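> Predicted coordinates and the sequence they were generated for:
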Amino acid sequence: MSLQNKLATTQSLEKPWSAKESWRLFGIMAEFVEGTERLDPIQPAVSIFGSARTRPEHPYYQLGEEIAKQLSNSGFSVISGGGPGIMEAANKGAYFGKSPSVGLNIQLPHEQHRNIYQDISQTFRHFFARKYMFVKFATAYVVLPGGFGTLDELMEALTLIQTGKTRKMPIILVCSDFWRGLLDWFQQTLIVEGFISPEDMDLVQIIDEPSEVVSAIFQYYETCGFEPTAAEREIQLNL
């Protein structure tokens, strides 16, 4: 078969996939529209992250549950990934608190299943649409120990704030023993190599006590208030 014939055959085979890609865009748009409409009333809210593999008897799970309950009783909706582990702990704590428990579930081939502690449940097929909701509707990030997914959410938030693509907010790491090595690497490698600026370290803080997590969020917004300014709303339109 000549090169020209091979090219024609390849293009012919690609046409059905091209049509599927086009229709897929409508599904992505629908996820953004539906998610935004459902989550808009929940503010102020705090997004909580952590491992899906943490068992209920583990101290990390219990700590996440307590933090979420205190945040909920303080007037914050709590957003988690909607799955098991620390996501479940966050939803459970908020569910038995005074404010809504929100689960942003993701369709996965394994591991993820929807936990039962959700007042508002929204399911996504696409990680990027789900991640957008975590950032857009959060007034703070609380990050407990976790794996690749947790690190992905943390780095996403740090990058968006560092580059000015979203408004500044508290990013709180819980369990200092777990996170200290990562922050030391930031200091000793990323700053030394010039890959981040020393002031970028101010974007994140470590707090271990649930009541201090709540206090830190309130202290951050004492002067500016939870409602985004006009400039911050404009920034979020380009998120």
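Now that the structure is in, tell me what you want to look at. Numbering: from 1, shown residues only.
> What ranges in the chain fall below the confidence cut-off?
Residues of the chain meeting the criterion pLDDT under 70: 1-17, 19, 110-112.
> Show me the strands in it, by range?
Along the chain, the segments classed as strands by DSSP state E run 45-49, 77-80, 101-106, 120-124, 140-143, 171-173, 204-206.
> how deep is residue 152 tucked in, by neighbour count?
14 (other Cβ atoms under 10 Å). All C-beta spots, glycine's among them, are computed from the backbone N, C-alpha and C.
> repeat for the one 10 residues further on
Residue 162: 15 surrounding residues under other Cβ under 10 Å.
> Renumber starting at 6 from here on
Okay, residue one is now 6; in that scheme the one you just asked about reads as residue 167.
> For it, list the residues it contacts.
By Cβ atoms under 8 Å, 6 or more residues apart in numbering, the contact set of residue 167 is 201, 205, 208.
> Please apply the same query to residue 97.
70, 73, 106, 120, 122.
> would TSV of these with neighbour count and distance to residue 194 be doable?
Output for these, formatted as TSV (neighbours: other Cβ atoms under 10 Å; distance: Cβ to Cβ, whole Å):
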residue	neighbour count	distance to residue 194
70	24	34
73	32	33
106	27	38
120	24	37
122	23	39
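> can I get the residues you listed in CSV with distance to residue 96?
Output for the contacts of residue 97, formatted as CSV (distance: Cβ to Cβ, whole Å):
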residue, distance to residue 96
70, 9
73, 7
106, 5
120, 5
122, 4
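> right, and residue 95 touches residue 71 too?
No. Contact criterion Cβ atoms under 8 Å: residue 95 and residue 71 do not qualify, at 10.3 Å.
> In terms of neighbours, single out the busier of these two.
Using other Cβ under 10 Å as the criterion, residue 95 and residue 71 rank with residue 95 on top: 35 against 16.
> So which of the contacts of residue 167 is the closest to residue 30?
Ranked by distance to residue 30 (Cβ to Cβ), the contacts of residue 167 are led by residue 208 at 33.1 Å.
> Measure how buried that closest one is and give me the count.
Other residues close to residue 208 by other Cβ under 10 Å number 16.
> just curious, which of the contacts of residue 167 is nearest to residue 47?
The closest of these, once distances to residue 47 are taken by Cβ to Cβ, is residue 208, at 24.2 Å.
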